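1. Quick one, structure for this:
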Amino acid sequence: MNSIVCIAGPTASGKTALAVELAKELGGEVVSCDSMQVYRRMDIGTAKPSPEETQGIPHHMIDVAEPDEDFSVSRYCAMAAPIVDDIVARGKVAIIAGGTGLYMDSLIRGNDFAPFPSTGVRERLEAETDEIGLPAMRNRLREIDPETAGRVFDRKRILRALEVYLETGETITEHNRKTQLIPPRYTPLWLGLDFSDRGELYRRIDRRVDLMLEMGLLAEIRGLLDSGIPEKCTAMQAIGYKEFVNALEGRETVQQAAEEVKKASRHYAKRQLTWFRRNRAVHWLVRGESQGSGEILASARQIIRDSDN
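-> The predicted structure is shown next:
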């Protein structure tokens, strides 16, 4: 039996529930692969699994950073890889479950994200961005690495791409191409979750947002702000937080913010599916009218059995 199973898919597709059921059957532990669940005190808006949902199955890589800390794919891989290795060494199955494609792919491939020594390049880029603006910095990146510039839009990743080039003389695109040629760190069994009716996925997303509000998401966000967490920090700019910060600050209504969160989450789900569908190793489990949770679990079991033959 494969000692590592990856469960990928869009938000609200049921990854945690499937991971828990498989962990119970296979003798496994779950390694979360969610770039937001790493943050402490951000529970409701990140849909962290409750004790009732985890059913006593160990879950790793949850609550490992403060909301105002910088957290990156390099830090995730550095922390998660030893956990996966330890689970496997103890004779258990590591079930890596989540929707953050970059984190999951980088962990599996064993990408090298060693930090640069402090040379002041990043600080100069930050200061220059404050002076001339992010669009100008993105234009500079476009001249150096048009492929990366075409798919990154946020400040953190634009400056990281420029930093990599200035420090190494190699673009992010070139680095990624070379990395693709290196044998992966792990060879997992890949499972992916999707829906035959995309509308059903979107309805699940909408219900999740409504439930988050009922569970006290606004109070969670207010508590973070009152504790001194800056509203502009990376964690608070995530979907489900930045919109409701605007509502709490009176810049829009809660209803308007909720609709924005639902819309942004649906777009995010599309991007997640696009990312994972590039991976030809994924065995897709498609939920439809005749494929509920029980049928999905049965299909996953069969795929796992077939992989052992």
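2. okay, CA-based contacts and neighbour counts for the rest of this
-> Fine.
3. From the centroid of this structure, which residue is nearest?
-> When Cα atoms, centre = their mean is applied to the chain, the residue found nearest the centroid is T100 (2.3 Å).
4. wait, what's in contact with that residue?
-> Residues in contact with T100 (Cα atoms under 8 Å, 6 or more residues apart in numbering) are C33, D34, S35, Q272.
5. For D130, state which of those is nearest.
-> For those, the closest approach to D130 (Cα to Cα) belongs to S35, at 26.1 Å.
6. What pLDDT is listed against the closest residue to that closest one other than its chain neighbours?
-> Sequence neighbours aside, T100 is the residue nearest to S35 in space, at 6.2 Å (criterion: Cα to Cα, 6 or more residues apart in numbering). According to the predicted model, the pLDDT of T100 comes to 94.
7. Would you list the phi and psi of T100?
-> Backbone geometry at T100, expressed as degrees, to the nearest 10, gives phi -90, psi 90.
8. Would you map the helices across the stretch 201-309 of the chain?
-> 217-226, 242-248, 254-277, 293-308 (DSSP state H, counting those that start in this stretch).
9. Okay, strands next: where are they in this protein?
-> Using DSSP state E, the strands assigned to the chain run over residues 4-8, 28-32, 59-60, 93-98, 189-195, 282-287.
10. Just give me how far the fourth one sits from the chain centre.
-> Going by Cα atoms, centre = their mean, to the nearest Å, the spacing between the C-alpha centre of strand 93-98 and its chain's C-alpha centre is 13 Å.
11. Point out the other helices and strands that that strand packs with.
-> If you count contacts as 3 or more Cα pairs under 8 Å, 6 or more residues apart in numbering; DSSP states H and E, strand 93-98 packs onto strand 4-8, helix 15-26, strand 28-32, helix 73-89.
12. sorry, back to before: who wins for most neighbours among the contacts of T100?
-> Tallying neighbours with other Cα atoms under 10 Å puts C33 at the head of these, with 29 neighbours.
13. before we move on, back to that, mean neighbour count and distance to T168 for the strands of the chain - can I get that in JSON lines?
-> Converted to JSON lines, those look like this (neighbours: other Cα atoms under 10 Å; distance: least, Cα to Cα, whole Å):
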{"stretch": "strand 4-8", "mean neighbour count": "25", "distance to T168": "32"}
{"stretch": "strand 28-32", "mean neighbour count": "25", "distance to T168": "32"}
{"stretch": "strand 59-60", "mean neighbour count": "18", "distance to T168": "33"}
{"stretch": "strand 93-98", "mean neighbour count": "26", "distance to T168": "31"}
{"stretch": "strand 189-195", "mean neighbour count": "20", "distance to T168": "33"}
{"stretch": "strand 282-287", "mean neighbour count": "19", "distance to T168": "34"}
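14. quick one, which of the ones you listed is nearest to E131?
-> It is, among those and with distance given as Cα to Cα, strand 93-98, at 37.5 Å.
15. list the contacts for the closest residue to A97 other than its chain neighbours?
-> Excluding the flanking residues, the one nearest A97 by Cα to Cα, 6+ apart is I7, at 4.6 Å. Going by Cα under 8 Å, 6+ apart, I7 touches K15, A19, I95, I96, A97, G98, W190, L191, G192, L193.
16. now for these, which pair is the farthest apart?
-> Pairwise distances across the contacts of I7 (Cα to Cα) peak at 14.4 Å, for the pair I95 and L193.
17. Poorly predicted segments of the stretch 1-150 of the chain, please.
-> Scanning the stretch 1-150 of the chain for pLDDT under 70 picks out the ranges 1, 112-119.
18. hang on, the earlier thing: can you add distance to V261 and give the strands of the chain back as a markdown table?
-> Listed next are the strands of the chain as a markdown table, based on distance: least, Cα to Cα, whole Å:
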| stretch | distance to V261 |
| --- | --- |
| strand 4-8 | 22 |
| strand 28-32 | 22 |
| strand 59-60 | 27 |
| strand 93-98 | 19 |
| strand 189-195 | 21 |
| strand 282-287 | 24 |
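19. wait, which of these is closest to I239?
-> Ranking the strands of the chain by distance to I239, with Cα to Cα as the measure, places strand 93-98 first at 15.9 Å.
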